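**Q** sequence unavailable; structure follows:
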């Protein structure tokens, strides 16, 4: 079931959302100071391509630096990426078949807002 949902997700939303994260990651890596944001963005792009069967957990060793980084990320890219997830999720929830995909979009909003200090693991 995960494979079917992941393939449908990839076609309907995953590819486009991953492109958004990749664009944000490239922009962050061009600016030398924001390379950690770029790495986090690439990690989320991988998750946005294939989200079913994986989950996001907090890293215990994350400290104040990740909080400050998350505030900066929210202002620069997080808000826009989360709005993309919200719009895509609402549009997918219109149909019965799209409800699991819409819920997966809603599940990705917290990590798109605050990606630092998080880790993506297999469920």
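**A** Arrived safely. In this text the structure is predicted, and so the values were computed from the model without any measurement.
**Q** rest of the way, CA atoms for contacts and neighbours
**A** Fine.
**Q** in three-state terms, label the residue of the chain positioned farthest from its centre for me.
**A** Relative to the centre of the chain, and counting by C-alpha atoms, centre = their mean, the farthest-placed residue is residue 96 at 23.2 Å. Reduced to three states with DSSP: H, G, I helix; E, B strand; the rest coil, the structure at residue 96 is coil.
**Q** before we move on, what about residue 61?
**A** Residue 61, by the three-state scheme (three-state DSSP), is coil.
**Q** got the phi/psi numbers for it?
**A** Backbone torsions for residue 61, taken as degrees, to the nearest 10, come to phi -80, psi 0.
**Q** so what's it up against?
**A** With contacts defined as C-alpha atoms under 8 Å, 6 or more residues apart in numbering, residue 61 is in contact with residue 117.
**Q** ok, it to residue 3 distance?
**A** Applying C-alpha to C-alpha, to the nearest Å, one obtains 32 Å for the distance of residue 61 from residue 3.
**Q** what segments of the protein are helices?
**A** Listed in chain order, the helices of the chain (DSSP state H) span 2-9, 15-30, 35-49, 64-73, 79-92, 99-113.
**Q** could you dump those to CSV with distance to residue 120, mean pLDDT and mean neighbour count?
**A** As requested, these are exported to CSV (distance: least, C-alpha to C-alpha, whole Å; pLDDT from 0 to 100; neighbours: other C-alpha atoms under 10 Å):
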stretch, distance to residue 120, mean pLDDT, mean neighbour count
helix 2-9, 16, 88, 15
helix 15-30, 15, 90, 18
helix 35-49, 7, 90, 21
helix 64-73, 16, 87, 15
helix 79-92, 17, 91, 18
helix 99-113, 10, 91, 20
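**Q** what's the closest of the ones you listed to residue 121?
**A** Ranking the helices of the chain by distance to residue 121, with C-alpha to C-alpha as the measure, places helix 35-49 first at 9.6 Å.
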